[in-house]
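> All I have is the shape, not the residue letters:
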């Protein structure tokens, strides 16, 4: 890795690999990873310049259908297909907590509710986008947000 760059990485897995949940990951509106079906756990890595700049990381879940969530007569969820994210690392530093407190999960509960912004807890169960704004140099951003 170039010393003028920093590495961002994280892991994603599906709770039900028989359901084709799609994932698109973008940094600054450029797609760095995309699949129509998350099957095996994936570690996504992206090297980026560590210069002075404002950046946006987005995680987009797509392709989830209402029948992918099994609900009983009382409205309780019996089973669901979800993408789970963890092991967020920037410049060899674990940033899971920052990711979960600073990100916004924008979704409409798969068309059943008005669009809303929710906190991201490491799981995406509805079609939507998680976004995290951050700045570089990354060490300064980390110091401001830890």
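Ah, there it is. Small disclaimer: the values here were computed from a predicted structure and weren't measured.
> switch to C-alpha atoms for all contacts and neighbour counts from now on
Will do.
> Report the secondary structure element holding the residue positioned nearest the centre of the chain.
Closest to where the C-alpha atoms of the chain average out (CA atoms, centre = their mean) is residue 59, at 3.8 Å. Per DSSP states H and E: residue 59 is located in strand 53-62.
> wait, doesn't the residue nearest to the centre of the chain sit right on residue 22?
No - look at residue 59 against residue 22 with CA atoms under 8 Å: they stay out of range, at 10.4 Å.
> The residue nearest to the centre of the chain and residue 26, how far apart?
7 Å (CA to CA, to the nearest Å).
> Tell me where the chain has strands.
Ranges of strands in the chain, per DSSP state E, are 5-14, 22-27, 30-35, 42-49, 53-62, 69-71, 77-80, 83-90, 93-94, 104-107, 116-119, 123-124, 128-136.
> taking those strands together, which one is wrapped up most tightly?
strand 104-107 (a mean of 22; mean count of other CA atoms under 10 Å).
> Next, format the strands of the chain as JSON lines and append mean pLDDT.
Supplementary listing: the strands of the chain in JSON lines, determined by pLDDT from 0 to 100:
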{"stretch": "strand 5-14", "mean pLDDT": "96"}
{"stretch": "strand 22-27", "mean pLDDT": "98"}
{"stretch": "strand 30-35", "mean pLDDT": "98"}
{"stretch": "strand 42-49", "mean pLDDT": "96"}
{"stretch": "strand 53-62", "mean pLDDT": "96"}
{"stretch": "strand 69-71", "mean pLDDT": "89"}
{"stretch": "strand 77-80", "mean pLDDT": "90"}
{"stretch": "strand 83-90", "mean pLDDT": "97"}
{"stretch": "strand 93-94", "mean pLDDT": "94"}
{"stretch": "strand 104-107", "mean pLDDT": "96"}
{"stretch": "strand 116-119", "mean pLDDT": "94"}
{"stretch": "strand 123-124", "mean pLDDT": "97"}
{"stretch": "strand 128-136", "mean pLDDT": "95"}
